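Enquirer: whatever this is, show me its structure:
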Amino acid sequence: MCGTVIIDKGYVDKECGHEYETVVLRGNLQFVNTLEEKRLGIETILNHFENNPQPIMQKTLKTDNVFNTVTVLKLGILDITGKKGR
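Expert: Prediction:
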């Protein structure tokens, strides 16, 4: 798998330039199949994005059956590069 993330900061007036940042990731995508790994992945995401993840977890992750309805992928990164330019 190869993916690119680009932050386009736009054209730089009077410099004939363009400001940007990029990250290129290369790795292997794997399906997560076990309940334990799915729970860990989803809880990790919620802990990262939510200021207070517990109410969301209690509301949406009530039973283990919830994890049968979602697909979780894990990216094993082999290579990552970044570039910043103007």
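
Enquirer: which element is the residue sitting nearest the centre point of the chain on?
Expert: Note on the chain: the residue nearest the mean C-alpha position is Ile45, at 8.1 Å, using C-alpha atoms, centre = their mean. Per DSSP states H and E: Ile45 is located in helix 35-49.

Enquirer: for Gln58, same thing?
Expert: Going by DSSP H and E, Gln58 is in helix 53-60.

Enquirer: so what does that helix touch, helix or strand wise?
Expert: helix 35-49 (3 or more C-beta pairs under 8 Å, 6 or more residues apart in numbering; DSSP states H and E). (Glycine included, C-beta is placed from N, CA and C.)

Enquirer: one step back: can you list the neighbours in contact with the helix holding Gln58?
Expert: For helix 53-60, contacts defined as C-beta atoms under 8 Å, 6 or more residues apart in numbering pick out 43, 46-47, 50, 66.

Enquirer: flag every buried residue along that helix.
Expert: 53, 57 (16 or more other C-beta atoms under 10 Å).

Enquirer: one more: stretch 34-50?
Expert: Quick answer for stretch 34-50 (16+ other C-beta under 10 Å): 38-39, 41-42, 46.

Enquirer: can you list the strands that the longest strand anywhere in the chain pairs with?
Expert: If you go by DSSP state E, the chain has its longest strand at strand 17-32. As defined by DSSP bridges, the strand partners of strand 17-32 come to strand 2-12 (antiparallel), strand 72-85 (antiparallel).

Enquirer: next, the angle from the longest one to helix 35-49.
Expert: Our comparison of strand 72-85 with helix 35-49, counting by axes from the mean of the first three to the mean of the last three C-alpha atoms, to 10 degrees, yields an angle of 40 degrees.

Enquirer: now the first one
Expert: Relative orientation of strand 2-12 versus helix 35-49 (the same axes, to 10 degrees): 10 degrees.

Enquirer: got a list of contacts for strand 2-12?
Expert: Taking C-beta under 8 Å, 6+ apart as the rule, strand 2-12 contacts 17-26, 86.

Enquirer: low-confidence ranges, the protein, go.
Expert: Applying pLDDT under 70 to the chain picks out no residues at all.
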